[in-house]
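K.L.:
Take this sequence and fold it.
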Amino acid sequence: MLKLGSIKNQDCGGCSRREVLQVGAAGALGLSLPTALKAEAAGSAAGLSVLVVFLRGGVSHLDTWDLKPEAPIPDARGEFRPIESSVPGLRFCELLPGVARQARLLTVLRSLSHREGEHDRAMQWVLTGQPAAQGQVFPNPGAVLGRYRPGATTLPPAIHVQTPGIGNPQAPPSPPNQPGLGAGFLGALHQPFLIGDAAKVEQEDWLTPAPELVGRLDRRRELLHALDSLRGNAQTSGLEGHDAAFQRAFTMVTSPDARRAFRLEAEPVALRERYGLHEFGQSCLLGRRLIEAGVRYVQVNWSARGWEAITPKDDLFTRSTFDSHFGHFPWLRRQLPRLDQGLGSLLGDMNERGLLSRTLVVVLTEFGRSAKINGDAGRDHWPQAFSVLLAGGGLPAGRALGATDANGQEIVEGRCEPEALVNSIYHLCGLDVVVTLRGAGLVKNSSEGVPGLI
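P.N.:
Predicted structure coming up:
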(Lines give C-alpha, C1' and ligand atoms only; values in the text may rest on other atoms or scores of the structure.)
Protein backbone atom coordinates (compact mmCIF):
# COMPACT_ATOMS: atom_id res chain seq x y z
CA MET A 1 0.00 0.00 0.00
CA LEU A 2 1.41 3.35 -1.02
CA LYS A 3 1.36 5.87 1.82
CA LEU A 4 1.35 9.58 1.15
CA GLY A 5 4.51 11.29 2.23
CA SER A 6 6.55 8.09 2.47
CA ILE A 7 8.11 8.07 -0.99
CA LYS A 8 11.74 8.91 -1.50
CA ASN A 9 12.31 10.65 -4.79
CA GLN A 10 14.55 8.63 -7.06
CA ASP A 11 15.75 11.64 -9.03
CA CYS A 12 16.40 14.17 -6.28
CA GLY A 13 19.85 15.20 -7.37
CA GLY A 14 18.44 18.29 -9.00
CA CYS A 15 20.42 19.98 -11.72
CA SER A 16 24.18 20.13 -11.95
CA ARG A 17 26.30 23.26 -11.54
CA ARG A 18 26.80 23.18 -15.30
CA GLU A 19 23.05 23.17 -15.93
CA VAL A 20 22.59 26.15 -13.63
CA LEU A 21 25.32 28.08 -15.43
CA GLN A 22 23.79 27.17 -18.79
CA VAL A 23 20.52 28.73 -17.74
CA GLY A 24 22.43 31.88 -16.91
CA ALA A 25 20.59 35.17 -16.97
CA ALA A 26 18.09 34.28 -19.68
CA GLY A 27 16.59 30.91 -18.75
CA ALA A 28 14.61 28.60 -20.97
CA LEU A 29 11.36 30.11 -19.71
CA GLY A 30 12.36 33.71 -20.20
CA LEU A 31 12.94 34.23 -16.45
CA SER A 32 16.45 34.90 -15.25
CA LEU A 33 17.81 32.76 -12.43
CA PRO A 34 18.49 35.78 -10.18
CA THR A 35 14.93 37.00 -10.78
CA ALA A 36 13.53 33.57 -9.97
CA LEU A 37 15.51 33.31 -6.76
CA LYS A 38 14.52 36.84 -5.78
CA ALA A 39 10.84 36.00 -6.37
CA GLU A 40 11.20 32.85 -4.29
CA ALA A 41 12.86 34.74 -1.46
CA ALA A 42 10.11 37.36 -1.48
CA GLY A 43 7.86 34.98 0.41
CA SER A 44 4.77 32.86 -0.04
CA ALA A 45 2.49 35.79 -0.81
CA ALA A 46 4.23 36.39 -4.18
CA GLY A 47 2.92 35.10 -7.47
CA LEU A 48 -0.33 34.49 -9.29
CA SER A 49 -3.27 32.36 -8.34
CA VAL A 50 -4.31 29.57 -10.69
CA LEU A 51 -7.80 28.44 -11.64
CA VAL A 52 -7.84 25.16 -13.57
CA VAL A 53 -11.05 24.02 -15.27
CA PHE A 54 -10.57 20.30 -15.83
CA LEU A 55 -12.92 18.68 -18.35
CA ARG A 56 -12.84 14.98 -17.67
CA GLY A 57 -13.28 12.45 -20.47
CA GLY A 58 -11.27 13.87 -23.35
CA VAL A 59 -12.90 16.86 -25.07
CA SER A 60 -12.88 16.66 -28.84
CA HIS A 61 -10.68 19.48 -30.07
CA LEU A 62 -12.12 18.89 -33.56
CA ASP A 63 -15.58 19.92 -32.37
CA THR A 64 -14.68 22.79 -30.03
CA TRP A 65 -11.47 24.85 -30.47
CA ASP A 66 -9.76 23.38 -33.56
CA LEU A 67 -12.47 22.70 -36.14
CA LYS A 68 -11.50 21.42 -39.58
CA PRO A 69 -14.43 22.23 -41.89
CA GLU A 70 -12.37 21.46 -45.00
CA ALA A 71 -10.57 18.34 -43.71
CA PRO A 72 -9.60 15.69 -46.31
CA ILE A 73 -11.16 13.05 -44.04
CA PRO A 74 -14.90 13.81 -44.11
CA ASP A 75 -15.38 12.52 -40.53
CA ALA A 76 -12.94 15.12 -39.24
CA ARG A 77 -15.24 17.92 -40.40
CA GLY A 78 -17.89 16.93 -37.88
CA GLU A 79 -21.48 18.17 -37.70
CA PHE A 80 -20.91 21.60 -36.17
CA ARG A 81 -20.11 24.75 -38.10
CA PRO A 82 -17.37 27.14 -36.97
CA ILE A 83 -18.33 30.66 -35.88
CA GLU A 84 -16.21 33.78 -35.68
CA SER A 85 -14.99 34.85 -32.27
CA SER A 86 -14.05 38.27 -30.91
CA VAL A 87 -10.61 37.69 -32.49
CA PRO A 88 -10.61 37.90 -36.30
CA GLY A 89 -9.72 34.54 -37.83
CA LEU A 90 -10.07 32.60 -34.56
CA ARG A 91 -13.12 30.36 -34.88
CA PHE A 92 -14.88 28.14 -32.36
CA CYS A 93 -17.77 25.69 -32.46
CA GLU A 94 -21.23 27.18 -33.01
CA LEU A 95 -22.32 25.70 -29.64
CA LEU A 96 -19.76 27.86 -27.84
CA PRO A 97 -20.83 31.45 -28.57
CA GLY A 98 -20.23 32.61 -24.99
CA VAL A 99 -16.61 31.47 -24.99
CA ALA A 100 -16.18 32.84 -28.52
CA ARG A 101 -17.14 36.30 -27.23
CA GLN A 102 -14.30 36.03 -24.67
CA ALA A 103 -11.68 34.89 -27.21
CA ARG A 104 -9.92 38.26 -26.92
CA LEU A 105 -8.86 37.10 -23.43
CA LEU A 106 -7.58 33.70 -24.55
CA THR A 107 -4.52 31.90 -25.77
CA VAL A 108 -5.65 28.74 -27.58
CA LEU A 109 -2.82 26.21 -27.42
CA ARG A 110 -3.51 23.68 -30.19
CA SER A 111 -0.38 21.60 -29.93
CA LEU A 112 -0.43 19.65 -26.65
CA SER A 113 0.51 16.01 -27.13
CA HIS A 114 1.43 12.89 -25.17
CA ARG A 115 1.33 9.11 -25.54
CA GLU A 116 -1.19 7.92 -22.94
CA GLY A 117 -4.67 6.81 -24.00
CA GLU A 118 -6.08 5.67 -20.64
CA HIS A 119 -8.17 8.24 -18.75
CA ASP A 120 -6.68 8.15 -15.25
CA ARG A 121 -3.08 7.90 -16.39
CA ALA A 122 -3.59 10.66 -18.96
CA MET A 123 -5.26 12.85 -16.34
CA GLN A 124 -2.27 12.33 -14.07
CA TRP A 125 0.10 13.30 -16.88
CA VAL A 126 -1.62 16.52 -17.96
CA LEU A 127 -2.21 17.75 -14.40
CA THR A 128 1.19 16.95 -12.92
CA GLY A 129 3.33 17.20 -16.03
CA GLN A 130 4.67 13.70 -15.43
CA PRO A 131 3.57 10.33 -16.86
CA ALA A 132 2.40 7.70 -14.43
CA ALA A 133 5.38 5.90 -12.91
CA GLN A 134 5.36 2.79 -10.76
CA GLY A 135 6.19 3.58 -7.13
CA GLN A 136 5.96 7.34 -7.52
CA VAL A 137 2.85 9.56 -7.38
CA PHE A 138 3.45 13.14 -8.49
CA PRO A 139 1.50 15.95 -6.84
CA ASN A 140 -1.29 18.05 -8.27
CA PRO A 141 -0.17 21.66 -8.94
CA GLY A 142 -2.38 22.76 -6.05
CA ALA A 143 -0.23 20.77 -3.66
CA VAL A 144 2.95 22.22 -5.16
CA LEU A 145 1.68 25.79 -4.89
CA GLY A 146 0.45 25.05 -1.37
CA ARG A 147 3.95 23.90 -0.49
CA TYR A 148 5.89 26.78 -2.08
CA ARG A 149 3.35 29.63 -2.50
CA PRO A 150 0.55 29.09 0.02
CA GLY A 151 -0.53 32.72 0.30
CA ALA A 152 -1.89 34.48 3.38
CA THR A 153 -5.59 33.60 3.30
CA THR A 154 -7.31 31.72 6.13
CA LEU A 155 -8.62 29.31 3.50
CA PRO A 156 -6.63 26.28 2.32
CA PRO A 157 -4.10 27.15 -0.39
CA ALA A 158 -5.54 24.54 -2.78
CA ILE A 159 -9.23 23.68 -3.22
CA HIS A 160 -10.91 21.32 -5.70
CA VAL A 161 -14.54 21.99 -6.56
CA GLN A 162 -16.33 18.77 -7.54
CA THR A 163 -14.52 15.56 -8.40
CA PRO A 164 -13.73 14.38 -11.95
CA GLY A 165 -15.16 11.00 -10.93
CA ILE A 166 -15.16 8.05 -13.28
CA GLY A 167 -18.18 9.00 -15.31
CA ASN A 168 -20.70 6.97 -13.31
CA PRO A 169 -23.03 9.30 -11.37
CA GLN A 170 -23.69 6.55 -8.83
CA ALA A 171 -20.01 5.96 -8.11
CA PRO A 172 -18.34 7.32 -4.97
CA PRO A 173 -16.22 10.45 -5.34
CA SER A 174 -12.66 10.03 -6.51
CA PRO A 175 -10.38 9.49 -3.54
CA PRO A 176 -8.46 12.64 -2.60
CA ASN A 177 -5.15 10.86 -3.17
CA GLN A 178 -6.08 9.72 -6.69
CA PRO A 179 -3.00 10.21 -8.88
CA GLY A 180 -3.08 13.65 -10.44
CA LEU A 181 -5.50 15.08 -7.89
CA GLY A 182 -3.77 14.67 -4.55
CA ALA A 183 -0.53 15.69 -2.90
CA GLY A 184 1.40 12.62 -4.02
CA PHE A 185 4.88 12.38 -2.55
CA LEU A 186 4.63 15.86 -1.00
CA GLY A 187 2.57 14.30 1.79
CA ALA A 188 -0.86 14.63 3.33
CA LEU A 189 -0.18 18.07 4.79
CA HIS A 190 -0.40 19.53 1.27
CA GLN A 191 -3.52 17.62 0.22
CA PRO A 192 -5.96 19.89 -1.66
CA PHE A 193 -9.28 20.48 0.08
CA LEU A 194 -12.23 18.88 -1.76
CA ILE A 195 -15.74 20.33 -2.08
CA GLY A 196 -17.99 17.57 -3.35
CA ASP A 197 -20.99 19.61 -4.47
CA ALA A 198 -20.80 23.34 -5.11
CA ALA A 199 -24.58 23.71 -5.21
CA LYS A 200 -24.90 22.35 -1.66
CA VAL A 201 -21.74 23.72 -0.07
CA GLU A 202 -23.78 26.18 2.02
CA GLN A 203 -25.35 23.19 3.79
CA GLU A 204 -22.04 21.69 4.90
CA ASP A 205 -21.82 21.19 8.68
CA TRP A 206 -18.29 22.54 8.86
CA LEU A 207 -19.52 25.94 7.62
CA THR A 208 -21.81 26.31 10.64
CA PRO A 209 -20.19 24.28 13.43
CA ALA A 210 -22.12 23.73 16.62
CA PRO A 211 -20.95 25.85 19.60
CA GLU A 212 -19.85 22.75 21.49
CA LEU A 213 -17.61 21.77 18.55
CA VAL A 214 -15.92 25.18 18.56
CA GLY A 215 -15.43 24.82 22.33
CA ARG A 216 -13.76 21.44 21.87
CA LEU A 217 -11.50 22.85 19.16
CA ASP A 218 -10.53 25.75 21.45
CA ARG A 219 -9.62 23.35 24.25
CA ARG A 220 -7.64 21.16 21.88
CA ARG A 221 -5.71 24.15 20.58
CA GLU A 222 -4.86 25.18 24.14
CA LEU A 223 -3.64 21.66 24.84
CA LEU A 224 -1.42 21.69 21.75
CA HIS A 225 0.06 25.02 22.78
CA ALA A 226 0.79 23.61 26.24
CA LEU A 227 2.53 20.62 24.68
CA ASP A 228 4.73 22.96 22.66
CA SER A 229 6.60 23.99 25.81
CA LEU A 230 7.29 20.34 26.63
CA ARG A 231 8.52 19.36 23.20
CA GLY A 232 11.38 21.84 23.09
CA ASN A 233 14.08 20.64 20.78
CA ALA A 234 12.31 17.32 20.28
CA GLN A 235 9.95 18.86 17.72
CA THR A 236 9.64 16.63 14.65
CA SER A 237 8.39 17.37 11.17
CA GLY A 238 5.54 14.89 11.75
CA LEU A 239 4.31 16.77 14.80
CA GLU A 240 4.71 20.08 13.02
CA GLY A 241 2.67 18.77 10.10
CA HIS A 242 -0.06 17.55 12.44
CA ASP A 243 -0.22 20.90 14.21
CA ALA A 244 -0.31 22.82 10.92
CA ALA A 245 -3.13 20.64 9.58
CA PHE A 246 -5.11 21.10 12.79
CA GLN A 247 -4.58 24.85 12.79
CA ARG A 248 -5.86 25.07 9.21
CA ALA A 249 -8.95 23.06 10.10
CA PHE A 250 -9.55 25.21 13.18
CA THR A 251 -9.36 28.38 11.11
CA MET A 252 -11.73 26.96 8.51
CA VAL A 253 -14.54 26.36 10.99
CA THR A 254 -14.07 29.48 13.12
CA SER A 255 -13.21 32.22 10.62
CA PRO A 256 -16.23 34.15 9.27
CA ASP A 257 -14.14 35.32 6.30
CA ALA A 258 -13.28 31.74 5.35
CA ARG A 259 -16.87 30.57 5.62
CA ARG A 260 -18.17 33.58 3.70
CA ALA A 261 -16.20 32.64 0.59
CA PHE A 262 -18.29 29.49 0.14
CA ARG A 263 -21.69 31.18 0.28
CA LEU A 264 -23.01 31.33 -3.26
CA GLU A 265 -26.28 32.74 -1.94
CA ALA A 266 -24.43 36.03 -1.40
CA GLU A 267 -24.24 36.47 -5.16
CA PRO A 268 -27.04 38.27 -7.05
CA VAL A 269 -29.60 35.88 -8.50
CA ALA A 270 -29.03 37.31 -11.97
CA LEU A 271 -25.31 36.49 -11.79
CA ARG A 272 -25.98 32.94 -10.58
CA GLU A 273 -28.34 32.48 -13.50
CA ARG A 274 -25.76 33.95 -15.87
CA TYR A 275 -23.33 31.18 -14.88
CA GLY A 276 -26.07 28.56 -15.22
CA LEU A 277 -28.12 26.90 -12.50
CA HIS A 278 -26.38 23.59 -13.05
CA GLU A 279 -23.45 22.03 -11.25
CA PHE A 280 -20.77 23.14 -13.67
CA GLY A 281 -21.99 26.74 -13.77
CA GLN A 282 -22.25 27.04 -9.99
CA SER A 283 -18.86 25.35 -9.60
CA CYS A 284 -17.32 28.01 -11.86
CA LEU A 285 -18.96 30.73 -9.78
CA LEU A 286 -17.63 29.21 -6.57
CA GLY A 287 -14.20 28.96 -8.19
CA ARG A 288 -14.25 32.70 -8.89
CA ARG A 289 -15.29 33.46 -5.29
CA LEU A 290 -12.45 31.34 -3.91
CA ILE A 291 -9.89 33.05 -6.14
CA GLU A 292 -11.29 36.40 -5.03
CA ALA A 293 -10.89 35.29 -1.40
CA GLY A 294 -7.18 34.63 -1.97
CA VAL A 295 -7.01 30.86 -2.54
CA ARG A 296 -3.81 30.17 -4.43
CA TYR A 297 -5.06 27.22 -6.54
CA VAL A 298 -8.62 26.27 -7.43
CA GLN A 299 -9.48 23.34 -9.67
CA VAL A 300 -13.05 23.23 -10.97
CA ASN A 301 -13.73 19.70 -12.18
CA TRP A 302 -16.48 18.88 -14.67
CA SER A 303 -19.02 17.16 -12.47
CA ALA A 304 -19.68 13.43 -12.69
CA ARG A 305 -23.33 14.13 -11.99
CA GLY A 306 -26.07 15.69 -14.09
CA TRP A 307 -26.20 12.53 -16.20
CA GLU A 308 -28.99 11.84 -18.70
CA ALA A 309 -29.33 8.76 -20.89
CA ILE A 310 -29.68 9.51 -24.58
CA THR A 311 -28.82 6.16 -26.21
CA PRO A 312 -29.42 2.52 -25.21
CA LYS A 313 -25.74 2.12 -24.32
CA ASP A 314 -25.60 5.03 -21.88
CA ASP A 315 -25.80 2.85 -18.80
CA LEU A 316 -22.64 0.99 -19.80
CA PHE A 317 -20.24 3.84 -20.51
CA THR A 318 -18.86 7.10 -19.26
CA ARG A 319 -21.69 9.42 -20.19
CA SER A 320 -21.54 12.29 -17.76
CA THR A 321 -18.07 13.30 -18.92
CA PHE A 322 -16.79 13.99 -22.45
CA ASP A 323 -15.93 10.35 -23.16
CA SER A 324 -17.88 10.10 -26.41
CA HIS A 325 -17.14 6.68 -27.90
CA PHE A 326 -20.71 6.53 -29.19
CA GLY A 327 -23.45 9.02 -29.91
CA HIS A 328 -20.74 11.70 -30.04
CA PHE A 329 -22.61 14.57 -31.66
CA PRO A 330 -25.93 14.22 -29.78
CA TRP A 331 -23.97 14.08 -26.56
CA LEU A 332 -21.96 17.20 -27.32
CA ARG A 333 -25.21 18.99 -28.11
CA ARG A 334 -26.10 18.32 -24.46
CA GLN A 335 -22.68 19.01 -22.96
CA LEU A 336 -21.31 22.02 -24.82
CA PRO A 337 -24.07 24.54 -23.95
CA ARG A 338 -23.43 23.92 -20.23
CA LEU A 339 -19.70 24.26 -20.80
CA ASP A 340 -20.23 27.44 -22.79
CA GLN A 341 -22.49 29.07 -20.21
CA GLY A 342 -20.28 28.32 -17.22
CA LEU A 343 -16.89 28.95 -18.83
CA GLY A 344 -17.94 31.98 -20.87
CA SER A 345 -19.45 33.61 -17.78
CA LEU A 346 -16.41 32.78 -15.67
CA LEU A 347 -14.00 34.42 -18.12
CA GLY A 348 -16.16 37.50 -18.56
CA ASP A 349 -16.83 37.89 -14.85
CA MET A 350 -13.18 37.52 -13.88
CA ASN A 351 -12.17 40.04 -16.51
CA GLU A 352 -14.80 42.56 -15.35
CA ARG A 353 -13.56 42.24 -11.77
CA GLY A 354 -9.90 42.64 -12.70
CA LEU A 355 -9.07 39.14 -11.44
CA LEU A 356 -7.28 38.03 -14.61
CA SER A 357 -4.43 40.40 -13.77
CA ARG A 358 -3.54 38.18 -10.82
CA THR A 359 -4.95 34.84 -11.94
CA LEU A 360 -3.99 32.32 -14.59
CA VAL A 361 -6.98 30.38 -15.93
CA VAL A 362 -6.25 27.03 -17.62
CA VAL A 363 -8.94 24.95 -19.34
CA LEU A 364 -7.63 21.42 -19.66
CA THR A 365 -8.67 17.91 -20.65
CA GLU A 366 -6.73 14.64 -20.65
CA PHE A 367 -6.60 14.09 -24.44
CA GLY A 368 -8.40 14.82 -27.69
CA ARG A 369 -10.55 12.75 -30.04
CA SER A 370 -9.96 10.87 -33.28
CA ALA A 371 -10.88 12.25 -36.68
CA LYS A 372 -12.44 8.94 -37.68
CA ILE A 373 -16.00 8.29 -36.52
CA ASN A 374 -16.23 4.72 -35.22
CA GLY A 375 -18.98 2.17 -35.76
CA ASP A 376 -20.94 3.50 -32.77
CA ALA A 377 -21.05 7.06 -34.16
CA GLY A 378 -18.38 8.16 -31.67
CA ARG A 379 -14.87 9.51 -31.59
CA ASP A 380 -12.17 7.54 -29.77
CA HIS A 381 -9.25 8.66 -27.58
CA TRP A 382 -6.53 10.66 -29.32
CA PRO A 383 -3.63 11.83 -27.12
CA GLN A 384 -1.40 12.73 -30.09
CA ALA A 385 -3.01 16.15 -30.47
CA PHE A 386 -5.43 18.27 -28.44
CA SER A 387 -6.09 21.82 -27.27
CA VAL A 388 -5.80 23.86 -24.08
CA LEU A 389 -7.18 27.32 -23.30
CA LEU A 390 -5.29 29.86 -21.17
CA ALA A 391 -6.30 33.33 -19.97
CA GLY A 392 -4.87 35.98 -17.66
CA GLY A 393 -1.58 35.56 -15.85
CA GLY A 394 0.01 38.39 -17.82
CA LEU A 395 -0.03 36.35 -21.02
CA PRO A 396 -0.59 37.90 -24.43
CA ALA A 397 -4.18 37.18 -25.47
CA GLY A 398 -6.40 36.85 -28.50
CA ARG A 399 -4.22 34.31 -30.29
CA ALA A 400 -3.69 30.67 -31.18
CA LEU A 401 -0.38 28.87 -30.63
CA GLY A 402 0.68 25.69 -32.37
CA ALA A 403 -1.16 23.91 -35.13
CA THR A 404 -2.45 20.50 -36.14
CA ASP A 405 -2.55 19.02 -39.62
CA ALA A 406 -5.51 19.26 -42.00
CA ASN A 407 -7.33 16.44 -40.17
CA GLY A 408 -6.42 17.59 -36.65
CA GLN A 409 -4.53 14.40 -35.86
CA GLU A 410 -0.86 15.34 -35.80
CA ILE A 411 1.02 18.38 -34.51
CA VAL A 412 2.69 20.29 -37.32
CA GLU A 413 3.77 23.36 -35.34
CA GLY A 414 4.86 23.94 -31.74
CA ARG A 415 4.40 20.44 -30.32
CA CYS A 416 4.73 20.34 -26.52
CA GLU A 417 4.12 17.73 -23.84
CA PRO A 418 2.30 18.31 -20.54
CA GLU A 419 5.52 18.93 -18.62
CA ALA A 420 6.12 22.09 -20.66
CA LEU A 421 2.64 23.37 -19.83
CA VAL A 422 2.98 22.65 -16.11
CA ASN A 423 6.46 24.20 -16.08
CA SER A 424 4.99 27.35 -17.61
CA ILE A 425 2.28 27.45 -14.94
CA TYR A 426 4.85 27.17 -12.16
CA HIS A 427 7.06 29.78 -13.77
CA LEU A 428 4.21 32.28 -14.11
CA CYS A 429 3.45 31.73 -10.40
CA GLY A 430 6.99 32.76 -9.50
CA LEU A 431 8.37 29.31 -8.74
CA ASP A 432 11.95 28.47 -9.63
CA VAL A 433 11.53 25.57 -12.04
CA VAL A 434 15.21 25.12 -12.82
CA VAL A 435 16.64 24.77 -9.31
CA THR A 436 13.94 24.42 -6.65
CA LEU A 437 11.45 22.19 -8.46
CA ARG A 438 14.06 20.07 -10.17
CA GLY A 439 15.84 19.68 -6.87
CA ALA A 440 12.59 18.49 -5.26
CA GLY A 441 12.01 15.98 -8.05
CA LEU A 442 8.89 17.79 -9.27
CA VAL A 443 10.42 18.47 -12.68
CA LYS A 444 12.00 15.45 -14.33
CA ASN A 445 12.91 15.81 -17.98
CA SER A 446 13.09 19.42 -19.05
CA SER A 447 12.74 22.81 -17.41
CA GLU A 448 11.49 24.38 -20.64
CA GLY A 449 8.02 25.84 -20.97
CA VAL A 450 5.55 26.05 -23.85
CA PRO A 451 7.28 27.57 -26.89
CA GLY A 452 6.10 31.11 -27.53
CA LEU A 453 3.67 31.21 -24.60
CA ILE A 454 5.41 33.97 -22.66
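
K.L.:
Only C-alpha atoms from now on, for both contacts and neighbour counts.
P.N.:
OK.

K.L.:
Now stretch 334-348: buried residues?
P.N.:
Of the residues in stretch 334-348, 336-348 count as buried by neighbour count, 16 or more other Cα atoms under 10 Å.

K.L.:
Kindly report the same for stretch 178-198.
P.N.:
179-195, 197-198.

K.L.:
before we move on, what about stretch 123-137?
P.N.:
Those would be 123-132, 137, for stretch 123-137 by 16+ other Cα under 10 Å.

K.L.:
Ok, stretch 382-401 next?
P.N.:
Neighbour-count burial for stretch 382-401, counted by 16+ other Cα under 10 Å, picks out 382-393, 395, 397-401.

K.L.:
same deal with stretch 371-381?
P.N.:
Neighbour counts over stretch 371-381 (16+ other Cα under 10 Å) mark 371-373, 378-381 as buried.

K.L.:
Nearest to Glu448 among those residues?
P.N.:
When those are compared for distance to Glu448 (Cα to Cα), His381 wins out at 26.9 Å.

K.L.:
That closest one contacts Glu366, doesn't it?
P.N.:
No. Counting by Cα atoms under 8 Å, His381 does not reach Glu366; the two are 9.5 Å apart.

K.L.:
Can you tell me the SS state at Pro164?
P.N.:
coil (DSSP: H, G, I helix; E, B strand; the rest coil).

K.L.:
which regions of the stretch 101-250 of the chain lie under the pLDDT threshold?
P.N.:
165-177, 199-250 (pLDDT under 70).

K.L.:
same check, this time on the stretch 301-450 of the chain
P.N.:
Using pLDDT under 70, the stretch 301-450 of the chain drops low at 304-319.

K.L.:
sorry, back to before: now render the buried residues of stretch 334-348 as CSV, adding secondary structure and distance to Phe326.
P.N.:
Formatted as CSV, the buried residues of stretch 334-348 follow (DSSP: H, G, I helix; E, B strand; the rest coil; distance: Cα to Cα, whole Å):
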residue, secondary structure, distance to Phe326
Leu336, helix, 16
Pro337, helix, 19
Arg338, helix, 20
Leu339, helix, 20
Asp340, helix, 22
Gln341, helix, 24
Gly342, helix, 25
Leu343, helix, 25
Gly344, helix, 27
Ser345, helix, 29
Leu346, helix, 30
Leu347, helix, 31
Gly348, helix, 33
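
K.L.:
Please, where are all the strands along the stretch 201-350 of the chain?
P.N.:
Using DSSP state E, counting those that start in this stretch, the strands of the stretch 201-350 of the chain run over 297-301.

K.L.:
Which members of the buried residues of stretch 123-137 are the farthest-apart pair?
P.N.:
Val126 and Val137 (13.4 Å).

K.L.:
Parallel or antiparallel, list what pairs with the helix or strand where Arg369 lies.
P.N.:
Using DSSP states H and E, Arg369 falls within strand 368-373. Sheet pairing for strand 368-373, assigned by DSSP bridges, gives strand 379-382 (antiparallel).

K.L.:
Would you state the helices of the stretch 201-350 of the chain in chain order?
P.N.:
Ranges of helices in the stretch 201-350 of the chain, per DSSP state H, counting those that start in this stretch, are 211-231, 237-254, 256-260, 269-275, 279-292, 328-352.

K.L.:
Now for the closest residue to Asp340 other than its chain neighbours, how many residues are close by?
P.N.:
Distances taken as Cα to Cα, 6 or more residues apart in numbering put Leu96 closest to Asp340, at 5.1 Å, once the chain neighbours are dropped. A count of nearby residues for Leu96, using other Cα atoms under 10 Å, gives 23.

K.L.:
distance of Leu96 from Phe54?
P.N.:
Using Cα to Cα, to the nearest Å, Leu96 is found at 17 Å from Phe54.

K.L.:
what does Gly327 give?
P.N.:
22 Å.

K.L.:
Those two: who's more crowded?
P.N.:
Between Gly327 and Phe54, Phe54 has the larger neighbour count (other Cα under 10 Å), namely 22 against 19.

K.L.:
May I have the beta-bridge partners of that one?
P.N.:
Bridge pairing for Phe54 - DSSP bridges - gives Asn301, Leu364.

K.L.:
is it true that it touches Val363?
P.N.:
Yes. Assessed by Cα under 8 Å, Phe54 is found in contact with Val363 at 6.1 Å.
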